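A.B. asks: just a sequence and a predicted model for now, questions to come.
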Amino acid sequence: MEVTYSANPGDAMAWLKVSPVEILPGETATIPVTLVVPSNAGSGQNYVILTAAGAHFDVRFSVGVPPPSQCVAAGYKPLPGTSPFVFLWLIVPVVIIVVVLWVWRRLAGRL
């Protein structure tokens, strides 16, 4: 049986690339869905309803913003980004150097 796809809204198929697949009745298959973000796309969360052989699936995605809450609830872990603690490690040495210089000048001024 050949599996066919459609999306609602229809222009979402420009974003989603799904390869045609044939599945024998009673069998399973992995169907990769590729998200292609157009160069003029803006940031935001969106979803489409993908219909495959009469079954409906929500496909939710985000571009340039945190993942949709439904994805997080399903166990999706976003790619690691820059942790706020990285900036802390950049600031701490600068503060230490400034304090050391301040103490050194105060001690040098007393001698």
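C.D. replies: Thanks, I have it.
A.B. asks: low-confidence ranges, the protein, go.
C.D. replies: Applying pLDDT under 70 to the chain flags the ranges 8-9, 71-88, 111.
A.B. asks: outline the domain layout of it.
C.D. replies: Per automatic domain parsing, the domain ranges recorded for the chain read 2-79, 80-111.
A.B. asks: got those as TSV, with mean neighbour count columns?
C.D. replies: In short, each C-beta sits where N, CA and C put it, glycine included. Shown next, in TSV, are those (neighbours: other CB atoms under 10 Å):
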stretch	mean neighbour count
domain 2-79	12
domain 80-111	9
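A.B. asks: longest helix anywhere in the protein?
C.D. replies: The single longest helix within the chain, with elements called by DSSP state H, is helix 84-110.
A.B. asks: quick one: residues contacting Ile23.
C.D. replies: Ile23 makes contact with Met1, Val3, Ala29 under the criterion CB atoms under 8 Å, 6 or more residues apart in numbering.
A.B. asks: ok, now with 6 Å
C.D. replies: For Ile23, the contact set (CB atoms under 6 Å, 6 or more residues apart in numbering) comprises Met1, Ala29.
A.B. asks: what does stretch 50-57 rub up against?
C.D. replies: When contacts are defined by CB under 6 Å, 6+ apart, stretch 50-57 is touched by residues Val3, Tyr5, Ser6, Ala7, Ile49, Val59.
A.B. asks: the last one reaches Ile49, doesn't it?
C.D. replies: Meaning Val59. No - contact criterion CB atoms under 6 Å: Val59 and Ile49 do not qualify, at 7.5 Å.
A.B. asks: what residues are shared contacts of those two?
C.D. replies: With CB under 6 Å, 6+ apart as the test, Val59 and Ile49 reach no residue in common.
A.B. asks: ok, back up a step: okay, the contacts of stretch 50-57 in TSV with secondary structure and distance to Leu101 next?
C.D. replies: What follows is those, written out as TSV (DSSP: H, G, I helix; E, B strand; the rest coil; distance: CB to CB, whole Å):
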residue	secondary structure	distance to Leu101
Val3	strand	69
Tyr5	strand	65
Ser6	strand	67
Ala7	strand	62
Ile49	strand	62
Val59	strand	56
